[in-house]
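Asker: Give me a model of this one.
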Amino acid sequence: MNKQKQISMYPAVAVIIFDNQKRILLQKRADVGLWSIPAGHVQPGETVEQAAIREVYQDTGLHIEPQKLIGIYSDPESQTFEYPDGRLVQFVTSYFQAEIIGGTTATKNKEMVELEYFAPNRLPHDLLPMHPRWLVDAFSEQREAFIR
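Answerer: Numbers count the residues shown, from 1 in each chain. As a prediction, this is how the structure comes out:
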């Protein structure tokens with residue numbers, strides 16, 4: 001008998017942070033060993049904006065101010081992730097652009113191995129799979145948020 005895996009669905013946030021050279025802040029995650037932008041789950045009782053601020057601080061030690069909602073991403077093709085323990089999760093992700101307003105990376109989370117800025121054309125090969133348009137959308141001049 002072929003059993004189909006149970007897929008859970010969670011609200012999530014992801015945050016892109018550029019430096020003054022338009023390089024992207026990425027973190028290497030200890031749980032999956034891949035690079036990603038700061039991201040995480042929305043907890044009960046908080047807004048997506050509060051979750052974005054909390055997740056970036058927990059992961060990096062940096063305080064941010066969200067500047068723009070880039071988009072909402074829910075496409076199962078790109079938003080379903082299988083964890084090393086076999087759990088399948090589809091995320092509905094609110095994707096923000098933010099600016100650093102304080103903090104220090106000295107207080108980074110143990111779930112993060114490294115934190116580094118990368119040029120958009122020199123992203124690491126071991127990047128967490130994200131929506132195919134995440135970077136294009138972040139550089140877009142479109143004022144309205146994308147729905148993908």
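
Asker: On the three-state scheme, residue 90 is what?
Answerer: Of the three states, residue 90 takes strand under DSSP: H, G, I helix; E, B strand; the rest coil.

Asker: Mean confidence (pLDDT) on the helix ranked longest in the chain, please.
Answerer: Determined from DSSP state H, the single longest helix within the chain is helix 48-60. Averaged across helix 48-60, pLDDT comes to 94.

Asker: again with stretch 6-13
Answerer: Stretch 6-13 shows a mean pLDDT of 94.

Asker: quick one: buried residues of stretch 141-148?
Answerer: By neighbour count on 16 or more other Cβ atoms under 10 Å, the buried set for stretch 141-148 is 146, 148. Glycine gets a C-beta too; all of them are placed from N, C-alpha and C.

Asker: quick one on the thing from earlier: who's in contact with the longest helix of the chain?
Answerer: Defining contact as Cβ atoms under 8 Å, 6 or more residues apart in numbering, one finds that helix 48-60 is touched by 11, 13, 15, 17, 25, 27, 38-43, 46, 62-66, 94, 96, 98, 103, 105, 108-109, 111-112, 115.

Asker: Kindly report the same for stretch 94-103.
Answerer: Here stretch 94-103 makes contact (Cβ under 8 Å, 6+ apart) with 11-18, 42, 48-49, 51-52, 56-57, 60-73, 131, 134, 137-138.

Asker: Buried members of the residues you listed into ChimeraX, please.
Answerer: Per 16+ other Cβ under 10 Å, the buried members of those correspond to this ChimeraX selection:
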select :11,12,13,14,15,16,17,18,42,48,49,51,52,56,57,60,61,62,64,66,69,70,71,73,131,134,137,138
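
Asker: and the contacts of stretch 94-103, which of them are in strands?
Answerer: Here DSSP state E is the test, and the contacts of stretch 94-103 give 11-17, 62-73 as lying in strands.
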